[in-house]
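> take a look and give me a structure for this.
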Amino acid sequence: MPDLNARRTKIVATLGPATDDKESIAALIAAGVNVVRLNFSHGNADDHRQRCHLVRECAKEAGRQVGVLADLQGPKIRIDRFSEGKITLEEGGTFILDAECDPDLGDNTRVGIAYKKLPGDVSDGDTLLLDDGRIVLKVKEVKGAQIHCVVEVGGALSNNKGINRQGGGLSADALTEKDKADIKVAAEIEADYIAVSFPRCAADITYARELLEAAGGHGGIVAKIERTEALDNIEEIIIASDVIMIARGDLGVEIGDAELPAVQKHLIKLARAMNRLAITATQMMESMIENPIPTRAEVFDVANAVLDGTDAVMLSAETAAGKYPAKSVAAMGRICVEAEKQKIARVSGHRLNTRFSRTDEAIAMATMYTANHFGVKAIVALTESGATPLWMSRISSEVPVFALSPHVKTSRKMTLYRGVKPILFSTDTNDHALVNRQVIAELQKRNVIKNGDLVIITKGDLMGVVAGTNAMKIVCVGDMAEPQLT
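Alright, predicted model coming up:
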């Protein structure tokens with residue numbers, strides 16, 4: 001059983017055919033998963049309802065908080081299907097993407113396209129990349145609904161593969177009618193996060209948030225950075241969202257794989273500086289779809305994302321359809337723990353020269369500075385909304401933050417915060433000395449502190465008030481008479 005208190009970076013795991021039953025989901029949670037991803041590109045509403053129910057049930061039985069991320073499909077910019085299921089394209093040959101072709105009757109000369117506006121989005125000389133860039137087509141001519149291409153890089157091409165235009169520029173709306181219906185399902189199952197696929201600007205994120213709130217949902221919004229246009233508008237997108245996901249598959253195809261490492265580092269740094277979360281995703285442990293251990297390159301990839309400061313690393317097909325879902329989570333967890341031992345992952349100068357605008361923000365920053373310089377064993381943040389632990393999570397530290405909240409929704413949302421361990425906790429007293437003793441007892445029960453340890457507690461004068469954190473107290477376990485610092 002992994003020591004879940006030892007790891008600060010969070011793990012997101014996608015559910016699918018390999019993890020559809022209660023036993024498999026329980027194994028993922030036991031292996032250390034923090035957030036599960038429901039991929040709305042596959043399955044129907046009832047599938048997602050059932051998976052979410054099983055996650056909630058298994059998490060409760062395990063005594064853990066596990067978040068749920070509903071990932072919207074977004075526009076289907078992909079080819080249709082071949083009558084034989086697969087063809088082979090030869091380099092130098094010709095091939096037609098035909099918006100009027102029967103969706104099931106593609107052959108070695110042409111195939112239909114799900115995105116019917118594609119002929120209007122491309123021009124002669126454009127480069128189209130299919131199947132994550134494995135097939136490269138050069139646009140020779142656009143004739144009405146047909147895009148006539150020359151094959152620059154050939155190979156096997158099968159049904160429903162994605163299409164990207166090198167350099168971006170496709171005009172498809174981020175939210176389709178299917179996405180709008182799926183947002184209602186996400187609100188119904190109380191998803192903790194909603195991921196918007198292929199956003200181009202902040203307006204796409206704002207629109208998704210408006211639809212979610214209108215449906216009665218309260219989850220955070222994740223902006224999946226997949227388009228070149230998103231990079232052009234990245235700061236406004238980050239501000240409008242709660243989380244960004246660096247979706248390296250489509251993004252890498254559009255900007256070129258060689259640019260990805262620098263872009264990943266920049267996006268993570270920017271998100272942290274703007275007090276937002278970052279998820280690093282796509283092909284992180286892909287070899288574990290078939291193999292019980294990762295490649296050395298995958299180990300380095302996960303570790304580098306941790307050292308970059310990502311809040312979470314994500315598994316896709318590894319846990320949705322792979323042979324070793326729980327082992328993939330466990331292996332990723334071990335890599336994260338080892339990477340976090342490096343000084344670059346433990347020490348931060350974040351915002352040392354920045355003015356704070358709120359009292360709870362100032363308390364959070366003071367707490368992290370003190371914890372990193374005073375031999376503190378743990379931080380306890382009593383929180384209503386999760387704002388104080390979020391600010392704390394922006395500071396790199398080896399000191400764990402235990403976020404105690406009486407609200408289930410707040411606790412589940414904090415499952416994505418790096419270094420934050422959410423715990424459901426409620427008290428019926430405003431006696432600060434008694435609350436402190438209750439908090440220490442809670443941590444002692446979980447075997448994370450012992451007599452003589454220093455613990456920082458943050459809370460507000462009035463319990464139950466949002467944005468009310470205005471005090472921090474340093475206590476020595478076994479001696480609750482230390483002075484309060486405000």
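
> give the residue spans of the chain that score low on pLDDT.
Across the chain, the ranges flagged by pLDDT under 70 are 1-4, 344-354, 462-467, 480-486.

> tell me the contacts of the residue nearest to the spatial centre of it?
By Cα atoms, centre = their mean, the chain has its centre lying nearest to I279, at 3.8 Å. Going by Cβ atoms under 8 Å, 6 or more residues apart in numbering, I279 touches 12, 222, 243-246, 310-314, 416. All C-beta atoms are positioned from the backbone trio N, CA, C, and that covers glycine.

> ok, now with 6 Å
245, 312, 314 (Cβ atoms under 6 Å, 6 or more residues apart in numbering).

> in JSON lines, list those residues along with neighbour count, secondary structure and distance to I293.
Below are these laid out as JSON lines (neighbours: other Cβ atoms under 10 Å; DSSP: H, G, I helix; E, B strand; the rest coil; distance: Cβ to Cβ, whole Å):
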{"residue": "M245", "neighbour count": "29", "secondary structure": "strand", "distance to I293": "26"}
{"residue": "A312", "neighbour count": "26", "secondary structure": "strand", "distance to I293": "22"}
{"residue": "M314", "neighbour count": "27", "secondary structure": "strand", "distance to I293": "19"}
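
> now P325: closest residue in space that isn't a chain neighbour?
Spatial nearest neighbour of P325, excluding adjacent residues (Cβ to Cβ, 6 or more residues apart in numbering): T319 at 4.1 Å.

> and what of L390?
Y417 (5.9 Å).

> just give me the neighbour total for that neighbour.
For Y417, the number of neighbouring residues by other Cβ atoms under 10 Å comes to 25.

> which residues does it contact?
389-390, 393.

> ok, and the most crowded of the residues you listed?
Neighbour-wise, those (other Cβ under 10 Å) top out at P389, 29 neighbours.

> surely that residue is in contact with I379?
No: the pair P389 / I379 is not scored as a contact, 8.8 Å apart, by Cβ atoms under 6 Å.

> spit out the residues that contact these two alike.
V401.

> ok, for R51, nearest residue in space, not its chain neighbours?
L15 (5.1 Å).

> re earlier: can you put the contacts of I279 in TSV and add distance to L267?
Below are these laid out as TSV (distance: Cβ to Cβ, whole Å):
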residue	distance to L267
M245	10
A312	13
M314	14
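
> pick the one among those closest to M284.
Distance ranking of those against M284, using Cβ to Cβ, places M314 first at 6.7 Å.

> which residues does the closest one bridge with?
M314 forms beta bridges with V12, as assigned by DSSP bridges.

> what sits against it?
Going by Cβ under 6 Å, 6+ apart, M314 touches 12, 279, 281.

> separation between the residue nearest to the last one when sequence neighbours are not counted and Q342?
The spatially closest residue to A281, leaving aside those adjacent along the chain, is M314, at 3.9 Å (Cβ to Cβ, 6+ apart). When Cβ to Cβ, to the nearest Å is the yardstick, M314 and Q342 sit 21 Å from each other.

> for G162, same thing?
On the measure of Cβ to Cβ, G162 and Q342 end up 36 Å apart.

> the two: which has the busier surroundings?
Per other Cβ under 10 Å, whichever of G162 and Q342 has more neighbours is G162, with 17 against 12.

> so the more buried one sits against P75, correct?
No: look at G162 against P75 with Cβ under 6 Å: they stay out of range, at 10.6 Å.

> per-domain residue ranges of the chain.
The chain breaks down by automatic domain parsing into domains covering 10-74+173-341, 86-165, 359-485.

> from one end of the shortest one to the other, what's the distance?
Between the opening and closing residues of domain 86-165 there is a gap of 22 Å (Cα to Cα, to the nearest Å).

> same question, stretch 171-180
By Cα to Cα, the extent of stretch 171-180 from end to end equals 18 Å.

> what about K76, how many neighbours?
For K76, using other Cβ under 10 Å, the count is 17.

> now do the contacts for it.
Residues in contact with K76 (Cβ under 6 Å, 6+ apart) are A114.

> confirm that it lies within a helix, as I assumed.
No: K76 is assigned coil when assessed by DSSP: H, G, I helix; E, B strand; the rest coil, not a helix.

> what's the distance between it and L382?
For K76, the distance to L382 (Cβ to Cβ) stands at 45 Å.

> from P422, how far out is the residue nearest to R51?
Distance, L15 to P422, using Cβ to Cβ: 21 Å.

> before we move on, back to that, show the contacting residues for the residue nearest to P325.
When contacts are counted by Cβ under 6 Å, 6+ apart, T319 touches 13-14, 19, 325, 328.

> 10 Å instead, please
Residues counted as contacts of T319 (Cβ atoms under 10 Å, 6 or more residues apart in numbering) are 11-16, 18-19, 24-25, 28, 31, 33, 36-37, 285, 288-289, 325-329, 332.

> same check, this time on V302
Contacts for V302 (Cβ under 10 Å, 6+ apart) come out as 9, 11, 280, 284-285, 294, 310, 313, 331-336, 338-339.

> again, only using 8 Å
Contacts for V302 were tallied using Cβ under 8 Å, 6+ apart; they are 284-285, 294, 313, 332, 335-336, 339.

> now C149
C149 makes contact with 94-97, 128, 137-140 under the criterion Cβ under 8 Å, 6+ apart.

> surely it forms part of a helix?
No: using three-state DSSP, the secondary structure at C149 is strand, not a helix.

> which one is it nearest to, not counting chain neighbours?
Nearest non-adjacent residue to C149, counting by Cβ to Cβ, 6+ apart: L137, 3.8 Å away.

> hang on, the one you found is in a strand, isn't it?
Yes: using three-state DSSP, the assignment for L137 is a strand.

> in this structure it contacts G125, no?
No: L137 lies out of contact with G125 (Cβ atoms under 8 Å); the separation is 11.7 Å.

> now distance to D80 too, for the domains of the chain, in CSV please.
Converted to CSV, the domains of the chain look like this (distance: least, Cβ to Cβ, whole Å):
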stretch, distance to D80
domain 10-74+173-341, 16
domain 86-165, 3
domain 359-485, 36
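
> quick one, helices of the stretch 301-450 of the chain?
In the stretch 301-450 of the chain, the segments counted as helices under DSSP state H, counting those that start in this stretch are 317-320, 325-340, 343-346, 359-373, 387-393, 408-413, 432-445.

> give me the secondary structure label for Q73.
Here Q73 is recorded as coil under three-state DSSP.

> run a quick neighbour tally on it.
Quick note: Q73 (other Cβ under 10 Å) scores 15 neighbours.

> how about the helix ranked longest in the chain: buried residues?
Counting by DSSP state H, the longest helix found in the chain is helix 45-62. Going by neighbour count (16 or more other Cβ atoms under 10 Å), the buried part of helix 45-62 is 48, 51-52, 54-56, 58-59.
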